[in-house]
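Peer 1: turn this into a structure:
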Amino acid sequence: MGKPKDWREVLTVGEAITVDVPASSGNVGPGFDSLGLALGHYDTVEIAVQESGLAFELHGEGSESVPRTEEHLLVRSVRAAWTAAGMVDQPGLAVVARNRIPHGRGMGSSASCAVAGVVAANALLARSARLDDAAILQVCAGMEGHPDNVAPSLYGGLTISWGEPGSWHSAPVAVHDDVVPVVAIPNYEVSTALARSLLPAQVDHRSAAANAGRAALLVEAMTRRPDLLLPATADALHQRFRAPAMPPSAALVATLREQGHAALISGAGPTVLTLAPSAEDAAEVEAAIAEFVAHPDAEREHVTWRVLRLTVPAHGARVVTHPQ
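Peer 2: Predicted coordinates for the structure are as follows:
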């Protein structure tokens, strides 16, 4: 890291940056803890440098419950990036966050927040002090504990991640233009900690081998053969174990897959992500979800769903510099 930097040498009071960062889906079926998919649904964050203190405006998802303090993940991510760049003493911040990515739904809201903070902090630095791409990934993954969701929010497309703390790597892969993600977002949350606690400590070799093959097939399906999305999204490692935490979502996945649609639990859930191989198939997915919602059973009669047809952005977080 070298000699600690005086922040006034590398940051300018009053300079502001806006970052648009996409949502993401982790696991993507068989790609447990390794695959991530960028989703065209965005949070927007504006961060400005000020002499001292913290001014924090927060709008949209989570605005009623998330603290507007130095403990907020966005602020901690900015600070982490500047620390990685060598700054011990740091300036104040003025933050305006517009959250559209739902919290606790398996769409990477915390990862998007971490990416927004790190990318904005880096863009605010003088060019000579900025972190390189590898360092940005390490800081973002360090905030999350893993790169599975931060990578697609950083790079866009489908990402394949591996490594260990401090030495994370990710390879972005361009997704076939015909692939259309459809998300069904329920009005209930499932914590990642709860979902992970339901996983067994060990799985059998048959399940591991099945998932390895399907994960490899999924890369082919996402990049060149969308017609293979249904078999490619079959999973034997995590979704069935997590189903008791989200029965309505598990039921929707089962219903859609029985009808030939490549449905899966997005991340740790409870959002249901369906990867349609065409716009026409996406319309069929939406109709199937509407039919499912129109005939609820007793277990899901109070569940409501927000259905969005999204894109897979080819790029991740983007910054806009504001003239002073």
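
Peer 1: residues of the longest strand along the chain that come out buried?
Peer 2: Criterion DSSP state E: the longest strand present in the chain is strand 35-50. Buried residues in strand 35-50, counted by 16 or more other C-beta atoms under 10 Å: 35-39, 41-49. Placement of C-beta: from N, CA and C, glycine included.

Peer 1: dump the longest helix anywhere in the chain to CSV, restricted to CA.
Peer 2: Assignment by DSSP state H gives helix 205-223 as the longest helix of the chain. Taking Å, rounded to 0.1, in the frame of the first residue of the first chain, the C-alpha atoms of helix 205-223 are listed here in CSV:
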residue,chain,number,x,y,z
HIS,A,205,-20.7,-37.8,-5.1
ARG,A,206,-23.6,-38.5,-7.4
SER,A,207,-25.1,-35.0,-6.6
ALA,A,208,-21.8,-33.3,-6.9
ALA,A,209,-21.1,-34.9,-10.3
ALA,A,210,-24.6,-34.0,-11.5
ASN,A,211,-24.1,-30.4,-10.5
ALA,A,212,-20.7,-30.2,-12.1
GLY,A,213,-22.1,-31.4,-15.4
ARG,A,214,-25.1,-29.1,-15.3
ALA,A,215,-23.0,-26.1,-14.4
ALA,A,216,-20.8,-26.7,-17.4
LEU,A,217,-23.9,-27.2,-19.6
LEU,A,218,-25.3,-23.9,-18.2
VAL,A,219,-22.3,-21.9,-19.6
GLU,A,220,-23.0,-23.5,-23.0
ALA,A,221,-26.7,-22.7,-22.7
MET,A,222,-26.2,-19.1,-21.6
THR,A,223,-23.7,-18.3,-24.3
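
Peer 1: next SSE downstream of that helix?
Peer 2: In the C-terminal direction, the helix or strand that comes right after helix 205-223 (DSSP states H and E) is helix 229-232.

Peer 1: what mean pLDDT does the helix or strand that that next one is followed by have?
Peer 2: Downstream of helix 229-232, the first helix or strand assigned by DSSP H and E is helix 239-242. Helix 239-242 carries an average pLDDT of 92.

Peer 1: what does stretch 127-144 give?
Peer 2: Throughout stretch 127-144, pLDDT has a mean value of 96.

Peer 1: repeat for stretch 82-96
Peer 2: Mean predicted confidence for stretch 82-96 is 95.

Peer 1: what's the offset of it from the middle of its chain?
Peer 2: Counting by C-alpha atoms, centre = their mean, to the nearest Å, stretch 82-96 is centred 24 Å from the centre of its parent chain.

Peer 1: in contact with residue 47, which residues are there?
Peer 2: Residue 47 makes contact with 16, 17, 19, 78, 93, 94, 95, 117, 120, 121, 124, according to C-beta atoms under 8 Å, 6 or more residues apart in numbering.

Peer 1: check residue 299 too.
Peer 2: Contact partners of residue 299, counting by C-beta under 8 Å, 6+ apart, are 247, 248, 251.

Peer 1: burial of the first one, as a residue count?
Peer 2: The tally of other residues near residue 247 (other C-beta atoms under 10 Å) stands at 14.
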